[in-house]
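[1] need a 3D model of the sequence below.
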Amino acid sequence: MTALNIRDEDLAYLRGSVVVLTGGSSGIGLATIELLIALGASVVSGDLSPSPVQHPRLSFHKTDVTAWHDLQALFAHAKQLHGRIHHVFANAGISGRMNYLEDRFDGSGSLLEPEHLTLDINLRAMINTCYLGLHYLRHQQPAGGSIVVTASGSSFQRFRVVDYATAKHGVLGFIRGLVPNLEKAGLPIRINGIAPSWTRTGLVPAGLLEAIGAQSQSAEVVARSVALLMADARRQGQLIWSDRGNYLEIEQPMLSFVVDILGGHEETADGIMDKIEAVIPNLGSRKTEGGVHQ
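    Residues are numbered from 1 along each chain as shown. Next up, the predicted model:
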């Protein structure tokens with residue numbers, strides 16, 4: 001893997017661009033807003049609380065990301081205000097909430113359904129934000145733009161916070177699933193993800209990491225990886241891991257390893273889909289019941 005050196009000049013392309021993001025009132029979202037504003041971009045931020053940053057190029061729209069109507073209103077507001085959208089950052093997230101080894105009962109003694117709020121915010125709302133982003137980026141003239149999603153270092157490794165790890169694995173899966181479809185459709189839209197290591201965002205109590213001697217990074221470090229993925233038009237389907245000022249693109253090496261051990265692209269899951277669709281055109285766009293599953 002090759003380390004990345006993110007220079008200020010690499011981000012200059014973002015001057016004059018319009019970015020819609022969620023979760024902008026704190027943590028990585030707030031740090032990204034501050035960086036984008038400094039780079040000359042305009043930002044429309046969706047969150048439940050206003051951003052503490054005030055700037056003429058920053059617009060806040062109150063948004064509950066679990067509510068489809070709120071997300072629709074966020075994008076409509078951005079479109080009305082700026083005319084087009086260049087980049088989308090699906091960032092809103094919370095920490096894990098559910099212990100699956102703990103029994104929880106209602107008043108009558110029946111086992112309660114697990115709580116799904118972490119999955120709803122970290123995965124379902126991310127998908128909904130991206131779906132709206134894809135719609136706006138496809139239908140504006142000229143079409144095109146990029147989407148960045150907040151994955152995690154837990155997207156590709158074991159992590160005992162189960163609902164959080166499940167959601168973040170899903171974020172990476174969404175990137176991996178969407179990229180071949182974008183490429184096949186010939187759409188000028190990119191999607192990439194960030195995979196921060198332990199970051200001081202408020203998801204972990206302040207001072208706890210330092211108290212146990214664990215290393216952590218500031219949200220500003222992560223924000224630079226977000227900006228790079230927006231600014232560099234060559235980046236598609238990538239995942240940038242960040243840790244205390246160090247950056248690695250880790251998705252391409254992982255995918256290359258899979259191709260190698262399986263004996264080439266034609267033997268990968270997507271390679272088999274290529275062969276199937278050569279026989280049954282447009283299979284990927286059909287709704288099917290039953291059949292063979294990967």
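[2] wait, isn't Ser42 in contact with Arg57?
    Yes. The criterion here is Cβ atoms under 8 Å, and Ser42 meets it with Arg57 at 4.3 Å. Any C-beta I mention is one placed from the backbone N, CA and C, and that applies to glycine too.
[3] which of these two has more neighbours?
    More neighbours surround Ser42 than the other of Ser42 and Arg57, with 21 against 16 (other Cβ atoms under 10 Å).
[4] partners of the more buried one in the sheet?
    Taking DSSP bridges as the rule, Ser42 bridges to Val18.
[5] wait, what's in contact with it?
    Contacts for Ser42 (Cβ atoms under 8 Å, 6 or more residues apart in numbering) come out as Gly16, Ser17, Val18, Val19, Arg57, Leu58, Ser59, His82.
[6] again, only using 10 Å
    For Ser42, the contacting residues are 14, 16-20, 36, 55-59, 78, 81-82, 86, by Cβ atoms under 10 Å, 6 or more residues apart in numbering.
[7] residue ranges for the helices of the stretch 1-150 of the chain, please.
    27-38, 68-82, 117-119, 125-139 (DSSP state H, counting those that start in this stretch).
[8] please identify the most buried of the ones you listed.
    Mean neighbour count (mean count of other Cβ atoms under 10 Å) peaks for helix 27-38 among those, with a mean of 24.
[9] tell me what that helix is packed against?
    Helix 27-38 sits against strand 18-22, strand 42-47, strand 58-62, strand 87-90, strand 145-150, strand 189-196, helix 219-231, with contacts defined as 3 or more Cβ pairs under 10 Å, 6 or more residues apart in numbering; DSSP states H and E.
[10] mind listing what the shortest one pairs with, with the direction of each?
    This points to strand 87-90. Checking strand 87-90 against DSSP bridges gives partners strand 18-22 (parallel), strand 145-150 (parallel).
[11] got those strands as CSV, with distance to Glu251, mean neighbour count and mean pLDDT columns?
    As requested, these are exported to CSV (distance: least, Cβ to Cβ, whole Å; neighbours: other Cβ atoms under 10 Å; pLDDT from 0 to 100):
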stretch, distance to Glu251, mean neighbour count, mean pLDDT
strand 18-22, 21, 28, 98
strand 145-150, 12, 26, 98
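[12] dump those to JSON lines, plus distance to Ile272.
    JSON lines is the format used below for these (distance: least, Cβ to Cβ, whole Å):
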{"stretch": "strand 18-22", "distance to Ile272": "35"}
{"stretch": "strand 145-150", "distance to Ile272": "26"}
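[13] which of the ones you listed sits closest to Arg234?
    Among those, strand 145-150 comes nearest to Arg234, with 11.2 Å by Cβ to Cβ.
[14] for the helix or strand following that closest one, which positions count as buried?
    Next along the chain after strand 145-150, taking DSSP states H and E as the criterion, comes helix 162-185. For helix 162-185, the neighbour count (16 or more other Cβ atoms under 10 Å) marks 163-172, 174-176, 178-179, 182 as buried.
[15] any common contacting residues for Ser42 and Arg57?
    Common neighbours of Ser42 and Arg57, counting by Cβ under 10 Å, 6+ apart, are Gly16, Val18, Val19, Leu36, His82.
[16] where does the stretch 51-200 of the chain dip in pLDDT?
    The stretch 51-200 of the chain contains no residues with pLDDT under 70.
[17] at 90 instead, please
    Scanning the stretch 51-200 of the chain for pLDDT under 90 picks out 51, 154, 157, 159, 197-200.
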